[in-house]
Each structure stands twice: as C-alpha cells, then as structure tokens.
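J.: Return atomic coordinates for the entry below.
(one chain, ligands or ions: 1)
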Amino acid sequence: MYDLAIIGGGPGGYVAGIRGAQNNLKVLLIEKDNVGGTCLNRGCIPTKSLIYDSRLFHSAKTSTILNGADSLAVDTSKLLERKRKVVKTLVGGLGAILKSNKIEVVQGKGSLQAPGKVSVEKADGSKADYEAKNVILANGSKPSVPPFIKVDGKFVQTTDEALDTQEVPENVIIIGGGVIGIEMATIYSNLGAQVTIVELLDDVLTTEDPDVRKTMRNMLKQRKVDVHLKAKAKEITVEKDEVKVVFEGADGKVQERMTQRVLVATGRAPVLDGVDAEKLGLAMEGPFVKVNGQLQTNLPGVFAIGDLVGGMMLAHKASAEAEIVVDCILGHKKSLKPELVPRCIWGLTEIGAVGLNEDEAKASGRKIKIGKFSYSSSGAAQAMGEVEGFAKVIGDAEIGEILGVHIMGAHATDLVSEAVTAMKMEGAVEDLYEAIKPHPTVSETLLEAALDWNKLAVHSPKKA
Ligand code: FAD
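T.: Sure, this is the predicted structure:
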C-alpha cells in the first residue's frame, strides 16, 4: 500500500512526488511518457531554448557593430540538437532526483479505478494494480484544436510537432494570438520567417495589462508581423506543398491565403486518459476536474492538480498546487492565492506580470494609483541596447497595497519575482523602492516605477 499514487509526471505530479517523499510518504509515480511532462518535453523548456537561440541570431543579424552580420545564417539542425540536449539533460536529472528520493516510477498509462485504486497498462501490454491511501490526478493538458482543423504534423502543426521540426518555413500563419501564439511568432520571426497571426478576440495576449498589449502590438507591427484581430479562421486545407487558410476579417471580408505552414495555437484541453469521470462519479467543471481550495475532488482521497483543473495553465501553478496537496495529506490546510501567481511570456521582449492588470484594478472599485517607468530611461537597458518596455506598478491609492506589477522588457520574467515576494510579504509600494537596487540593472526600472507611484522617480522628468 502506497501513501500516495500520482498519475502524471509533469511539474504538478513530480513535485508532489518529491515533496511527499521528503515527508516520508511512500510514493508511486505513473508516467506514460518522459518525466517532466509538457513543460520539460514539449512546452516551457523547448520554447525557451529556441527563443534564446533565435534571439541570439536576430540580435547578431541586426547588430550595428558586427561586420558581415547580414550574411549570417542559422544551422537549424544545431538549433534543434541543442534543444534536444537541454531537454535530455533535464529529464535525466529529474529521473535521478526521483530515484534519490526513492520514488517508484512506473512507465505506462495509469487509470483511476476507484478511490485508492489505480492500475497501469505498460508498454509491453502487461497490467498492474496498485493501492494507495491518496491519489493525485496530474494528467496535464494537450493542444485543443478546433474540429474543422486537421493537424497533419507537417504542414499543419501544433507546438507538439513544431518544436521538433528542423525546417523553418519562409512564411507561417499562426491561428491564435495568446501566449503560445506570441512565443511561437517570436521564434519564427527571429529566424526570418514572415509571420501572420489570426486571432479571434479583439487583441493579442488578452489577459495582460492594456499597456503590455499595446506595446506588444507595436512591436509586432515593427517586426512586420501581420496581425489580424477579430478574425475567424474558417477553413484550413493542405494543397500539394502548401496550406490554404481562409479567414473572415474584422470587416466581415473573407480572405484566402496560401502559406508554407500553419501553427494551431488555439489553447489547451485537459487530458482525461485513464480518468473516466462518468464511471467514477468524478465531478467536473466544464472540461476540467472540479476541485476545492485544497485541490480535493469529490472522491475521497483523490486530488487533482495542474492543467487538469484549469485556471492559469502554468508550470509553477501546477507545482504550487502539488505542495498544497501534500500539505493537505499531512494535515495542514493551505490554499493557492491566484493573485500571487506570476505570469511570464517570452515574446519579442519578455513580459513578467503578477496580480491585477489596470482594467481589473479599476473594475475592482478600489481607488488606484499607477507608477510607470520606461526601459529607455534605464542606464542598464540603454547599455544592453534593450530600450523597449516599461515597469508598471498598480497600488491602492489609500493604503499603498501592491495590487499588480507589469514589467515588459529584458529580464522581465526574472524581475517580476521581486514583486511577487513583496506581495507575498504583504509589502506596500514603498517597500519596492525602499529596498536598495544594484546599479546598473533593469531592477532599477521597478524601483523607479514604484517611486513614480509617489511622484518621486529620479530618472524621469518631474511630473506636474
Ligand atoms: P503536464 O506537464 O502536461 O504533465 C502531465 C503528464 O501526465 C504528462 O507527462 C503526460 O504524459 C502524463 N499523463 C497524462 N495522462 C496519463 C496517464 N493516464 N498515465 C500516465 N501518465 C499520464 N508554463 C510556464 O509556467 N512557463 C512557460 O514558459 C510555459 N511555456 C509553455 C510553452 C508551451 C508550448 C506549452 C504547450 C506550455 C507551456 N507552459 C508554460 C505550460 C506548462 O507546460 C503547463 O502548465 C504544465 O506543464 C502543466 O503541468 P502539469 O503537471 O499539470 O501537466
């Protein structure tokens, strides 16, 4: 009998396993593929490896100090090779960590048979049954593809295929301008492809702050990325070696385009492999497994975490939920505070955000004040040649509570952690500037934005 059986070895499942083992629980981890899940194998890490390398190429190619920069070319086989090596290293390292924690990892497709009972179908066709006091469902998610689109993996791809394809197309149409669409547009554009985005909603990155969205739109325009908002893809057909894409634009006009590649980035759907909700009597909330604040399902001793339960589909959210479940099993009641879950996007520049955006803060009915500071006024950003972007602090005008922080520019995804820590410690806007920042770093943009909140910014002209 195990204390804990986990189905799915992504950042939700494996973190739950390690935290459980550290607390002396006997843990079984069932994974049908490689440990590390979507994040490590097909998501966060592969995209970032390709984004960093493609960014290096684009920076070199557009450099004003390198002679012959124009003739530089990317060796796409090496690009892919490095990405594969990064993933292999991390998957191998994770395997060793799981082993060192004496977690039993079983390779195969896990199914929940009943509370406390799981079975595994192994690759060789054999089956095994296990019993556990607690079960965590951490099956994750997969690309959600509209029914009229047929993914063939070559001309019409999701990120599952695209991140493992060596050929960079000359032109690509991306269906969807959310986080994944923007990150993939960044990779393709950095590598020299002509990118078109077809987005159904009225903006890209719709959950982000209006200033972030506006800046991203401008950056895409400068890069000559052809963005169609309020545009509905209607038909995607492979014709010989090209793809025909038919979409209706915001003006109601139907357009037809031919392209070498289509990337479908229309969101993610939960994986319910081995979880027969109806048979089990498992309560659902739309397509996701329904859970309470401690990630308990309606079935006794059965928890669900990560992308499977929806909300922010992010690796660190899945891992934070894993910790809450293990705490719950150990008798401590904790819960996730969504307002403290940072968001990070590696677009044409980085975006790090936490808490409310300006629209949400206004809608909350609180009296708010905003401080902002441009990257172009930062010595560090100028020295790096990364002058696009800003830091923005939204605080309660009366008590100074930090309600949201939005940073766009170089290192923004790292920098936002500072705001998360301040908010976790219930710090006020003043705390963001009373803590001294090293010079010259882009962390000073956050300090100046917080100072600006009190009209005290040093490196920008005095405001009326
Ligand atoms: P997953 O990581 O999906 O893991 C679930 C695991 O369960 C998988 O390994 C799967 O094989 C296994 N599984 C499923 N069913 C069974 C079964 N029946 N039996 C056995 N095993 C099973 N998030 C970020 O925070 N930062 C990023 O930069 C980022 N970039 C992304 C880029 C892309 C292209 C994509 C697609 C996602 C990205 N994400 C990012 C999201 C992140 O990958 C997910 O939020 C995260 O992986 C969810 O973790 P999880 O543990 O819930 O599920």
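J.: need the contact list for the most centrally placed residue in the chain.
T.: With distances taken as Cα atoms, centre = their mean, the residue of the chain nearest its centroid is residue 314 (4.9 Å). Counting by Cβ atoms under 8 Å, 6 or more residues apart in numbering, residue 314 touches 341, 343-344. Backbone N, C-alpha and C define where each C-beta goes, glycine included.
J.: and it, how far is that from the ligand?
T.: From residue 314 over to the ligand the distance is 4 Å, taken as Cβ to the nearest ligand atom, to the nearest Å.
J.: what's the answer for residue 439, then?
T.: Taking Cβ to the nearest ligand atom, one finds residue 439 at 29 Å from the ligand.
J.: Can I take it that that residue is in a helix?
T.: No. Under DSSP: H, G, I helix; E, B strand; the rest coil, residue 439 sits outside any helix and is assigned coil.
J.: Return the per-residue confidence for it.
T.: Listed pLDDT for residue 439 reads 97.
J.: Spell out which parts of the stretch 1-150 of the chain neighbour the ligand.
T.: For the stretch 1-150 of the chain, the contact set with the ligand under Cβ under 6 Å from any ligand atom comprises 7-13, 30-33, 37-39, 43-44, 47, 109-110, 138-141.
J.: Take these and keep only those in strands.
T.: The strands, defined by DSSP state E, take in 7, 30-31, 109-110, 141 from these.
J.: Highest neighbour count among these?
T.: Within these, residue 110 tops the neighbour count with 30 neighbours, counted by other Cβ atoms under 10 Å.
J.: pretty sure it contacts residue 122?
T.: No. Applying Cβ atoms under 8 Å, one finds residue 110 not in contact with residue 122, separated by 10.3 Å.
J.: Could you name the helices and strands sitting against the helix or strand containing residue 220?
T.: Element membership for residue 220, per DSSP states H and E: helix 210-222. Under the contact criterion of 3 or more Cβ pairs under 8 Å, 6 or more residues apart in numbering; DSSP states H and E, helix 210-222 touches strand 226-228, strand 350-355, helix 358-363, strand 390-396, strand 402-408.
J.: Tell me which of the ones you listed sits most buried.
T.: Among the helices and strands packed on helix 210-222, strand 402-408 has the highest mean neighbour count (mean count of other Cβ atoms under 10 Å), at a mean of 27.
J.: Now that strand: average pLDDT?
T.: Averaging pLDDT along strand 402-408 gives 98.
J.: that older thread, which one of the helices and strands packed on helix 210-222 lies nearest to residue 297?
T.: Of all these, strand 350-355 sits nearest to residue 297, with 28.1 Å by Cβ to Cβ.
J.: So in that sheet, which strands flank that closest one, and in what orientation?
T.: Using DSSP bridges, strand 350-355 pairs in its sheet with strand 343-346 (antiparallel), strand 402-408 (antiparallel).
J.: Now do that strand: everything it contacts.
T.: Defining contact as Cβ under 8 Å, 6+ apart, one finds that strand 350-355 is touched by 205, 208-209, 212, 216, 339-345, 394, 402-417, 419-420, 423.
J.: Give me the average confidence score over it.
T.: If you average the pLDDT over strand 350-355, you get 98.
J.: can you pull the pLDDT of the residue in the stretch 251-400 of the chain that the ligand sits nearest to?
T.: Proximity of the stretch 251-400 of the chain to the ligand (Cβ to the nearest ligand atom) peaks at residue 306, 2.0 Å away. The model reports residue 306 with a pLDDT of 98.
J.: cool, residue 462 as well?
T.: pLDDT recorded at residue 462 is 83.
J.: shaky segments in the stretch 201-350 of the chain?
T.: Counting by pLDDT under 70, the stretch 201-350 of the chain has no low-confidence residues at all.
J.: Give me the spatial nearest neighbour of whichever residue of the stretch 351-464 of the chain sits closest to the ligand, chain neighbours excluded.
T.: Minimum separation of the stretch 351-464 of the chain from the ligand (Cβ to the nearest ligand atom) falls at residue 413, amounting to 8.2 Å. Once flanking residues are discounted, residue 413 sits nearest to residue 344: 4.0 Å by Cβ to Cβ, 6 or more residues apart in numbering.
J.: now swap in residue 335 and tell me
T.: residue 293 (3.8 Å).
J.: Can you tell me the SS state at that neighbour?
T.: Residue 293 - assigned by three-state DSSP - is coil.
J.: residues near it, how many?
T.: Counted with other Cβ under 10 Å, residue 293 comes out at 11.
J.: Surely it touches residue 337?
T.: No. Here residue 293 does not reach residue 337: they are 10.2 Å apart, not a contact under Cβ under 8 Å.
J.: contacting residues around the residue of the stretch 251-400 of the chain closest to the ligand?
T.: With contact set as Cβ under 8 Å, 6+ apart, residue 306 has these partners: 8, 10-13, 138, 140, 317-318, 321-322.
J.: now the helices: where do they sit in the protein?
T.: Assigned by DSSP state H, the chain shows helices spanning 13-22, 37-42, 44-61, 76-100, 159-162, 179-190, 210-222, 277-280, 315-329, 358-363, 379-384, 412-424, 429-434, 443-453.
J.: With residue 234 as the reference, name the closest of these.
T.: That would be helix 179-190 among these, by Cβ to Cβ, at 17.7 Å.
J.: what are the bridge partners for residue 243, then?
T.: Assessed by DSSP bridges, residue 243 has beta-bridge partners residue 238, residue 259.
J.: So what's the residue count around it?
T.: 22.
J.: contacting residues for it?
T.: Taking Cβ under 8 Å, 6+ apart, we find residue 243 in contact with 155-156, 173, 236-237, 258-262.
J.: what do you get if the cut-off is 10 Å, keeping everything else the same?
T.: 152, 154-156, 169, 172-173, 236-237, 257-262 (Cβ atoms under 10 Å, 6 or more residues apart in numbering).
J.: quick one on the thing from earlier: filter the contacts of residue 314 down to the ones close to the ligand.
T.: Within the contacts of residue 314, those near the ligand by Cβ under 6 Å from any ligand atom are residue 344.
J.: got CSV for the contacts of residue 314, with distance to residue 332 and neighbour count too?
T.: Shown next, in CSV, are those (distance: Cβ to Cβ, whole Å; neighbours: other Cβ atoms under 10 Å):
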residue, distance to residue 332, neighbour count
341, 20, 16
343, 27, 22
344, 28, 21
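J.: I'd guessed the residue of the stretch 351-464 of the chain closest to the ligand sits against residue 419; true?
T.: No. Taking contacts as Cβ atoms under 10 Å, residue 413 lies outside contact range of residue 419: 11.8 Å.
J.: Now do the shared contacts for these two.
T.: 342, 352-353, 407.
J.: hang on, the earlier thing: most neighbours among the contacts of residue 243, which one?
T.: Per-residue neighbour counts (other Cβ under 10 Å) across the contacts of residue 243 peak at residue 262, which has 30 neighbours.
J.: pLDDT of stretch 46-54, averaged?
T.: 98.
J.: what comes into contact with that stretch?
T.: With Cβ under 10 Å, 6+ apart, stretch 46-54 has contacts from 38-40, 74, 76, 78-80, 82-87, 159, 162-164, 168, 179-180, 183-184, 186-192, 344, 346-347, 350, 413.
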